[in-house]
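> based on what follows, work out the 3D shape:
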Amino acid sequence: MGSNNGKPVLREEDIAALSKSSGLDAAEVKETFESFLAEHPNGKLKPKDFREMMAKAVPKKDAAKMEKHVFRMYDSDKDGFIDFTEFMLVFHIMSDGTVEEVLTKIFRVFDVNG
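Numbering: from 1, shown residues only. Okay, here's the model as predicted:
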């Protein structure tokens with residue numbers, strides 16, 4: 001992901017890589033990026049924002065317990081934020097596959113030892 005005058009932008013190579021890894025076409029990647037930027041204008045999801053998103057996604061669960069493990073998985077460069085590329089890669093990994101494959105991926109989120 002690049003930047004133009006401080007505003008996050010998707011480069012063509014980002015779009016191509018995300019299209020390939022997610023199964024979305026280029027237009028869908030761009031549309032998703034624009035939606036992400038509408039919510040997070042600096043292109044980064046803070047832990048607080050992530051906590052709020054988790055609470056909405058799993059309101060009856062204790063999102064705080066899951067938050068640090070899931071955030072750790074998304075924040076692949078360990079900069080303390082989740083950028084669009086990190087979000088898209090993990091989101092599509094987690095949303096694709098058989099029940100067994102998804103459960104295996106979820107287990108990896110919580111496997112802090114390995």
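> for Ala55, see how far away the nearest residue to Pro8 once chain neighbours are set aside is.
Distances taken as C-beta to C-beta, 6 or more residues apart in numbering put Gly43 closest to Pro8, at 3.0 Å, once the chain neighbours are dropped. In this view, the C-beta of every residue, glycine as well, is placed from N, C-alpha and C. Noted for Gly43: a distance of 22 Å to Ala55, by C-beta to C-beta, to the nearest Å.
> and if you look at Glu31?
Counting by C-beta to C-beta, the gap from Glu31 to Ala55 is 25 Å.
> pLDDT weak spots in this protein?
1-6, 54, 56-66, 89-97, 99, 102-103, 105-114 (pLDDT under 70).
> can we see that at 80?
In the predicted model of the chain, residues 1-7, 21-23, 50-70, 73-74, 87-114 satisfy pLDDT under 80.
> hey, where'd the strands end up in it?
For the chain, strands defined by DSSP state E occupy the ranges 2-4, 7-9, 44-45, 82-83.
> can you check which of these gets nearest to Lys68?
strand 82-83 (12.6 Å; C-beta to C-beta).
> other residues contacting that closest one?
With C-beta atoms under 8 Å, 6 or more residues apart in numbering as the test, strand 82-83 has contacts from Met1, Pro8, Gly43, Lys44, Leu45, Phe50, Phe71, Tyr74, Asp75.
> name every strand pairing with that strand and say which way it goes.
According to DSSP bridges, strand 82-83 forms sheet pairs with strand 44-45 (antiparallel).
> re earlier: JSON lines for the strands of the chain, including mean neighbour count and distance to Glu100?
Shown next, in JSON lines, are the strands of the chain (neighbours: other C-beta atoms under 10 Å; distance: least, C-beta to C-beta, whole Å):
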{"stretch": "strand 2-4", "mean neighbour count": "10", "distance to Glu100": "37"}
{"stretch": "strand 7-9", "mean neighbour count": "14", "distance to Glu100": "36"}
{"stretch": "strand 44-45", "mean neighbour count": "20", "distance to Glu100": "29"}
{"stretch": "strand 82-83", "mean neighbour count": "23", "distance to Glu100": "26"}
